[in-house]
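Enquirer: Whatever this is, show me its structure:
(one chain, ligands or ions: 1)
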Amino acid sequence: MPVLRDLYNVFIPTTTGAWTESLQTLRERRAWFRSQQRFGYPILVAEVAGTVVGFTAYGSFRGSGKWPGYRHTVEHTIHVHENYWRRGFGRSLLEALIERAHANGVHVMVAAVDGANTESIAFHERLGFTTVARMPEVGRKFDRWLELVLMQRII
Ligand SMILES: CC(C)(COP(=O)(O)OP(=O)(O)OC[C@H]1O[C@@H](n2cnc3c(N)ncnc32)[C@H](O)[C@@H]1OP(=O)(O)O)[C@@H](O)C(=O)NCCC(=O)NCCS
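Expert: Next up, the predicted model:
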């Protein structure tokens, strides 16, 4: 959990990839782990010589507890350490997550991407995701408006 927290936290101070200015605490990351376990949602990691260099996971889309109609749709997250970008780790992780999702009866996977994160948009396009919505100015960080790009893949 400390490694996953760090992989997530690393870009928070400098990029709009995650729409928060607060670094995640270990306590918050552990609470997330317990909630993933409670709902049976997977967390997959990529390791190099015993060191975790990336992870991916999915959770409910728009709170499927409150809105049961969304129960076959999930939203995922993926983070790979910068030193390991463009070496196939992201693809391996997401393909494995998609397989797991399929086995668990998921019908649609959604990526909610910051409009400035062209790397993630290109990555998801390569993995078969299609941009289905662009929502201008729905977010705010660093004193500017942010665009949300919703991408989905029917699996
Ligand atoms: C997005 C991210 C997960 C990609 O991981 P990665 O390990 O570099 O991806 P891979 O090397 O497996 O690349 C998979 C495919 O995406 C493409 N791709 C990856 N990064 C790309 C980029 N910056 N520009 C264009 N294409 C890219 C690759 O060319 C590859 O295509 P191919 O397999 O068809 O040849 C990684 O850059 C990352 O962790 N970024 C920071 C966190 C983040 O933005 N997460 C997503 C939040 S929505």
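Enquirer: where's Phe33, which helix or strand?
Expert: Using DSSP states H and E, the element containing Phe33 is helix 26-39.
Enquirer: what comes up buried for that helix?
Expert: 29, 32 (16 or more other CB atoms under 10 Å). Quick note: C-beta positions are derived from backbone N, CA and C, even for glycine.
Enquirer: how about Thr73, what does it touch?
Expert: With CB atoms under 8 Å, 6 or more residues apart in numbering as the criterion, the residues that contact Thr73 are 61-62, 64, 106-110.
Enquirer: Return the closest of those residues with respect to the ligand.
Expert: Within the contacts of Thr73, proximity to the ligand (CB to the nearest ligand atom) peaks at Val110, which comes in at 10.3 Å.
Enquirer: Next, work out how far apart Gly65 and Trp32 are.
Expert: Distance from Gly65 to Trp32, counting by CB to CB, to the nearest Å: 16 Å.
Enquirer: what do you get for Ala103?
Expert: Following CB to CB, the distance that separates Ala103 from Trp32 is 22 Å.
Enquirer: tell me the least confident of the contacts of Thr73?
Expert: The lowest pLDDT within the contacts of Thr73 belongs to Ser64, which sits at 77.
Enquirer: Quick one: the strands in the chain, in order.
Expert: Shown for the chain, the strands assigned by DSSP state E span residues 43-48, 51-60, 73-80, 108-114, 130-141, 144-154.
Enquirer: Same list, those strands, but as TSV with distance to the ligand please.
Expert: TSV is the format used below for these (distance: least, CB to the nearest ligand atom, whole Å):
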stretch	distance to the ligand
strand 43-48	8
strand 51-60	7
strand 73-80	4
strand 108-114	4
strand 130-141	12
strand 144-154	9
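Enquirer: For Pro2, find the nearest of the ones you listed.
Expert: Closest of the strands of the chain to Pro2 is strand 51-60, at 9.7 Å (criterion: CB to CB).
Enquirer: roughly how far apart are Trp67 and Phe61?
Expert: The spacing between Trp67 and Phe61, counted by CB to CB, is 9 Å.
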